[in-house]
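[1] how would this look folded up:
(chains A and B)
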Protein chains: 2
Amino acid sequence: MTGISREDALALDAADELAAVRERFVLPEGEIYLDGNSLGALPRATAERLRHVVEAEWGRDLIRSWNAAGWIDLPQRVGDKIGRLVGAAAGEVVVADSTSVNLFKALSAALRLRPDRRVIVTERGNFPTDLYVAQGLIEQLGGRHELRMVERDAVAGAIGADTAVVMLTHVDYRTGAVHDMAGVTAAAHGQGALMLWDLAHSAGAMPVDLDGCGADLAVGCGYKYLNGGPGAPAFLYVARRHQEAFRQPLTGWMGHAEPFAFGTGYRPADGIRRALCGTPPVLSLAALEAGVDELLAVDLRAVRRKSLAMTGLFRRLVAGMGLELGLELAGPEDPAACGSQVSLRHPQGYAIVQALIARGIVGDFRAPDILRFGFAPLYLRFADVWDAAAALRDVLETGAWDRPEFHRRHAVT
Amino acid sequence: MTGISREDALALDAADELAAVRERFVLPEGEIYLDGNSLGALPRATAERLRHVVEAEWGRDLIRSWNAAGWIDLPQRVGDKIGRLVGAAAGEVVVADSTSVNLFKALSAALRLRPDRRVIVTERGNFPTDLYVAQGLIEQLGGRHELRMVERDAVAGAIGADTAVVMLTHVDYRTGAVHDMAGVTAAAHGQGALMLWDLAHSAGAMPVDLDGCGADLAVGCGYKYLNGGPGAPAFLYVARRHQEAFRQPLTGWMGHAEPFAFGTGYRPADGIRRALCGTPPVLSLAALEAGVDELLAVDLRAVRRKSLAMTGLFRRLVAGMGLELGLELAGPEDPAACGSQVSLRHPQGYAIVQALIARGIVGDFRAPDILRFGFAPLYLRFADVWDAAAALRDVLETGAWDRPEFHRRHAVT
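    Below is the predicted model of the structure:
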């Protein structure tokens, strides 16, 4: 394929500065896992950490662990750690709830910070939960606001004097295309609007600089490149300068200034803690912390370098298969304009993905026609990239995807 | 003490129909854990279940477990199981988010179901997060609504033609006092109001009959008597007759009719699934399911019988210490009017609780002066009740609580 041999890929592995990190993860035998952008792999340390939390902290020490094991501080402690991965200072990030719930908090707060403006600008291709949460909030607020959904290249032009907040996902979940965080944030600010970033597909996959870009609010997901486990809690960033005025409607007891005074009136805690709502999900937080710790042990610039090298290799390998096999690249030509994934279009994308899975090459499919291949740099090898491309070529050339079982849809696709 | 000997307590243990259930839980050596109403003990099966979910379902099968291990159905599957404990039919309960977040959904939906009414009636002594969430919602809706907080005995009289919803916690977290679920629900309905129950301190501790009482909405907590682990996800009940009109503002993708169609407009799923928001917290859901399974293996009527016998015994034992030692009973005289706890008042309550903890008798303290002793019938023995009462008497008689370290406040009290 395109003159790049498997030996070339093995040579890249031999020179990989992150090669040893793979040993820190559990990976299934005989499989190539290209779905770390959907569910990150299990760090070996996580199983041990969870066992300790369950058996010693919960089982043996029980209620005392809220103090003795620092359970009560987990949302902020893990938040600060994630902050180091996304360019946030200590005290600007907290871990809580789901990405969707945190979006609701962040959007609610943004509309309160810009009470005279009625528009939320976003792109039509944003991850659906972002759109849905905005729609639910607008409906609840009586329909006075508008969710302005525009095409990707029309976002900047759609921001106006009526815009309260611009909400975008930094890395597109379908195509991997990356927004210019500094540029779009400046454009929003130029119109007096706030900027809310969803970092679901960037946190842990590349360096992000929220503070440096002047972002106002951000949310992100714990179960993708942060390797926090299925349904891991999410995080919320509020720039320090907004924290005093930040008010969100999910005013549960853990966001109270004095939760254990058990008073009858809500009074928000100082700082980022006011973004909390209910009791922290300790088991999930512990698993997430273990995943985040793996990322803190490496240099995110090296992660991004390896990511670009892997996605670049995969792009070159599939370029040769291109048109004659019906594949098209989805998203930017330039790997540097993309996250840690390569997305391809094919009318039979669903069945092709299933046929690859049957061969142990695990990617995923996103409607209507996108084959997504995620390249998590912490645990993938260049040889995996080569093998995946070879398998894809074979499945396409032999028509191996055209079997009934590969067309059968699952609940989660 | 009051003529009841430790041998009497041991005889009760010998006759206890639930005695064998204790072996199914991990309990610390040399301790008596009377805080299962705050954080339930660890079921032995949970550690094994979590190990399987982490190592096999996540570590080995990865993304495929959303289908193959049924992760995507966990919120409804565990919800249906909890439904059997609280008198709900299949399809009326879902597990998601925290109790606080579910309260926000339920209250939002209730106000939409009663658009011409502007009052939420509750009692001042309700658990604070219930009050805070109502306050946050009202503020978000522009202040048109009112949270009417009244004393416990004034609730029925406070419900009027202006009342949209009555929100009460079934078992008072401080005193253990139980509301008459059928009676109060009927009183609410008599005024055309909806009834929302918080089952935090009743689910798993006694039979509850939501459907039978005609309740409209309910929420509850996974980490108390359901033994789901610290910060376990919570549950939400929506009576079947309201589900079609039930709309809540946290419209995340998991509540969408077709989450994996990735459309741009939110459309609520049929049935209870529309109460979901973000991605299900799989690890926590698995732990919660293991805890709930322990309760499904016993008869909740037997649980309640043992609970009443234990709280009754503790009450008789402490009655003798009563006034001369400065203790007062908090809550109803009649054990049958109480949940699975006994609460006492003492001006030095905090230090007394700490002194008991130092002796391995783990209860907790609730401001301003309440000593709470929870009696989880699945894993406590009558001899534990006797020993706890004896220790309390000794701590009071000897003044052992009056040491500096017992006055030092922790983050979580």
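[2] stretch A:272-287 - what's its average pLDDT?
    The pLDDT scores in stretch A:272-287 average 98.
[3] that stretch vs chain B: in contact?
    Yes - using Cβ under 8 Å from any Cβ of the partner chain, stretch A:272-287 reaches chain B at A:277-285, A:287. Backbone N, C-alpha and C define where each C-beta goes, glycine included.
[4] wait, which of these is closest to chain B?
    Chain B has its nearest neighbour among the residues of stretch A:272-287 next to chain B in residue A:278, at 2.5 Å by Cβ to the nearest Cβ.
[5] could you measure from the closest one over to residue B:254?
    17 Å (Cβ to Cβ, to the nearest Å).
[6] could you do residue A:110 as well?
    Taking Cβ to Cβ, one finds residue A:110 at 23 Å from residue B:254.
[7] same thing with residue A:211?
    For residue A:211, the distance to residue B:254 - Cβ to Cβ - is 31 Å.
[8] more neighbours, these two?
    Between residue A:211 and residue B:254, counting by other Cβ atoms under 10 Å in any protein chain shown, residue B:254 is the more crowded of the two (24 against 16).
[9] ok, that one - contacts?
    A:100, B:75, B:96, B:273, B:276-280 (Cβ atoms under 8 Å, 6 or more residues apart in numbering or on different chains).
[10] now do residue A:198
    Counting by Cβ under 8 Å, 6+ apart, residue A:198 makes contact with A:99, A:103, A:126-127, A:130, A:167-170, A:218-220.
[11] so residue A:81 sits right up against residue A:291, yeah?
    No - if you go by Cβ atoms under 8 Å, residue A:81 and residue A:291 don't touch, sitting 10.1 Å apart.
[12] dump the contacts of residue B:254 to JSON lines, plus neighbour count and distance to residue B:146.
    Rendered in JSON lines, the data for these read as follows (neighbours: other Cβ atoms under 10 Å in any protein chain shown; distance: Cβ to Cβ, whole Å):
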{"residue": "A:100", "neighbour count": "27", "distance to residue B:146": "29"}
{"residue": "B:75", "neighbour count": "27", "distance to residue B:146": "33"}
{"residue": "B:96", "neighbour count": "31", "distance to residue B:146": "28"}
{"residue": "B:273", "neighbour count": "20", "distance to residue B:146": "32"}
{"residue": "B:276", "neighbour count": "30", "distance to residue B:146": "30"}
{"residue": "B:277", "neighbour count": "30", "distance to residue B:146": "27"}
{"residue": "B:278", "neighbour count": "27", "distance to residue B:146": "31"}
{"residue": "B:279", "neighbour count": "26", "distance to residue B:146": "35"}
{"residue": "B:280", "neighbour count": "26", "distance to residue B:146": "35"}
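[13] is it true that residue A:386 touches residue A:6?
    Yes - with contact defined as Cβ under 8 Å, residue A:386 reaches residue A:6; the gap is 5.1 Å.
[14] more neighbours: those two, which one.
    Applying other Cβ under 10 Å to residue A:386 and residue A:6 shows that residue A:386 carries more neighbours, namely 24 against 13.
[15] list the buried residues in the helix or strand where residue A:318 lies.
    Using DSSP states H and E, residue A:318 sits in helix A:300-319. Across helix A:300-319, burial judged by 16 or more other Cβ atoms under 10 Å in any protein chain shown covers A:300, A:303-318.
[16] neighbouring strands - and their directions - for the next helix or strand after it?
    Moving toward the C-terminus from helix A:300-319, the next helix or strand (DSSP H and E) is strand A:328-330. Sheet pairing of strand A:328-330 (DSSP bridges) gives strand A:341-345 (antiparallel).
[17] so which residues make contact with the strand it pairs with?
    If you take Cβ under 8 Å, 6+ apart as the criterion, strand A:341-345 is touched by A:37, A:171, A:174-176, A:201, A:311, A:314-315, A:318, A:327-331, A:366, A:369-375.
[18] same check, this time on stretch A:17-28
    The contact list for stretch A:17-28 (Cβ under 8 Å, 6+ apart) reads A:13, A:33, A:41-45, A:47, A:227, A:294, A:297-298, A:302-303, A:306, A:377-381, B:55, B:59-62.
[19] from those residues, list the buried ones, please.
    A:13, A:33, A:41-43, A:45, A:47, A:227, A:294, A:298, A:303, A:306, A:377-381, B:59-62.
[20] what are the ranges of the helices in chain A?
    Secondary structure of chain A (DSSP state H): helices located at A:6-14, A:44-52, A:65-68, A:74-86, A:99-113, A:128-140, A:155-158, A:181-190, A:210-213, A:240-243, A:282-296, A:300-319, A:349-358, A:382-398.
[21] send me the fifth one as PDB with only the CA atoms.
    Output of helix A:99-113 as PDB, limited to C-alpha atoms (Å, rounded to 0.1, in the frame of the first residue of the first chain):
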ATOM      1  CA  THR A  99     -21.300  16.400  30.000                       C
ATOM      2  CA  SER A 100     -25.000  17.000  29.200                       C
ATOM      3  CA  VAL A 101     -25.800  18.200  32.700                       C
ATOM      4  CA  ASN A 102     -22.700  20.400  32.800                       C
ATOM      5  CA  LEU A 103     -23.700  21.900  29.500                       C
ATOM      6  CA  PHE A 104     -27.100  22.800  31.000                       C
ATOM      7  CA  LYS A 105     -25.300  24.500  33.900                       C
ATOM      8  CA  ALA A 106     -22.800  26.300  31.700                       C
ATOM      9  CA  LEU A 107     -25.500  27.600  29.200                       C
ATOM     10  CA  SER A 108     -27.800  28.600  32.000                       C
ATOM     11  CA  ALA A 109     -25.000  30.600  33.600                       C
ATOM     12  CA  ALA A 110     -24.000  32.100  30.300                       C
ATOM     13  CA  LEU A 111     -27.500  33.400  29.600                       C
ATOM     14  CA  ARG A 112     -27.600  34.900  33.100                       C
ATOM     15  CA  LEU A 113     -24.200  36.600  32.500                       C
END
